[in-house]
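Asks: give me the fold of what follows.
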Amino acid sequence: MSAGRVHETCNLVMKSLKKKGSEMTVIGHNHIRKVETFDGYDIIAHPLPARDERVYYPTEPDSCSAGVTYASHDVMVARPTGIGKKGRLAILMHHGGGRHVLEFYEGLLPVASALLALPEREQYALAYTIFEQADECAAGMRAAEARRWAEAHVDGRIRKRRRGRSQQVYVETEAERAIRRSR
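Replies: Numbering: from 1, shown residues only. As a prediction, the model looks like this:
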């Protein structure tokens, strides 16, 4: 399967999983943790363990497109071990930036069995795509939150609230601001 076809397949799968009300929202807050080792995970699939296998070449010989290489990114699908980890699935990524883990609940979708049913190259492509999609979503949300706080700072809508010994800093909404000004 060509690299373009694999990416096209992954995009179709991701679009269908993102439908409103889908259980794919179980990825949660897209918290990707950096870890020292992958201890504490039972690896259930290690697609394309050899670096040379993670290169996708064009299928048509007269094609102008170059191959795509993922040789530096090792992806594994695993189940976390330990108390409170039942029903969770993890995608483990090892690359030049270190070892990273994305854990999520499978929910009602049989993500693990769907991944394991695919051929090895498609397993790798889909696991990689899910991991990267979660990473991009998290980066987008961090940027949106930073933008929200920057706009609130410019508008003077950052407030502090004291409750006992603790302080809470929050962004005042436009409705709260209107109520405060009307008093």
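Asks: and Gly156, how many neighbours?
Replies: 9 (other CB atoms under 10 Å). Placement of C-beta: from N, CA and C, glycine included.
Asks: state the pLDDT value of Val6.
Replies: Turning to Val6, the model gives it a pLDDT of 42.
Asks: cool, the one 10 residues further on as well?
Replies: In the prediction, the pLDDT value recorded for Ser16 is 43.
Asks: ok, longest helix in this protein?
Replies: helix 120-155 (DSSP state H).
Asks: list the neighbouring strands of the helix or strand following that helix plus their orientation.
Replies: Per DSSP states H and E, the first helix or strand lying C-terminal to helix 120-155 is strand 158-163. Here strand 158-163 is paired, per DSSP bridges, with strand 166-171 (antiparallel).
Asks: now do the contacts for Arg79.
Replies: By CB atoms under 8 Å, 6 or more residues apart in numbering, the residues touching Arg79 are 41-42, 44, 85, 88-90, 112.
Asks: Gly82 contacts Gly40, doesn't it?
Replies: Yes: with contact defined as CB atoms under 8 Å, Gly82 counts as touching Gly40 (6.1 Å).
Asks: neighbour count: the two, which is higher?
Replies: A count of neighbours by other CB under 10 Å puts Gly40 above the other of Gly82 and Gly40, at 13 against 9.
Asks: got the contact list for that one?
Replies: So Gly40 contacts 80-82 (CB under 8 Å, 6+ apart).
Asks: from Leu89, how far out is it?
Replies: 14 Å (CB to CB, to the nearest Å).
Asks: hmm, back to that, in ChimeraX, select just the buried ones from the contacts of Arg79.
Replies: Selection of buried members from these for ChimeraX, criterion 16 or more other CB atoms under 10 Å:
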select :41,88,89,90
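Asks: what is the nearest of the contacts of Arg79 to Glu172?
Replies: Arg88 (37.2 Å; CB to CB).
Asks: and Ile32, what is it in contact with?
Replies: 100-102, 131, 134-135, 138.
Asks: do that again at 10 Å, thanks
Replies: Residues near Ile32 by CB atoms under 10 Å, 6 or more residues apart in numbering: 91, 93, 100-103, 131, 134-135, 138-139.
Asks: kindly report the same for Arg51.
Replies: 69-74.
Asks: count of residues packed around Ser166?
Replies: Per other CB under 10 Å, the neighbour tally for Ser166 reads 7.
Asks: returning to what we had before: rebuild the contacts of Ile32 as JSON lines, extending it with neighbour count.
Replies: Shown next, in JSON lines, are the contacts of Ile32 (neighbours: other CB atoms under 10 Å):
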{"residue": "Ile91", "neighbour count": "26"}
{"residue": "Met93", "neighbour count": "20"}
{"residue": "His100", "neighbour count": "16"}
{"residue": "Val101", "neighbour count": "20"}
{"residue": "Leu102", "neighbour count": "23"}
{"residue": "Glu103", "neighbour count": "19"}
{"residue": "Phe131", "neighbour count": "20"}
{"residue": "Ala134", "neighbour count": "19"}
{"residue": "Asp135", "neighbour count": "15"}
{"residue": "Ala138", "neighbour count": "16"}
{"residue": "Ala139", "neighbour count": "12"}
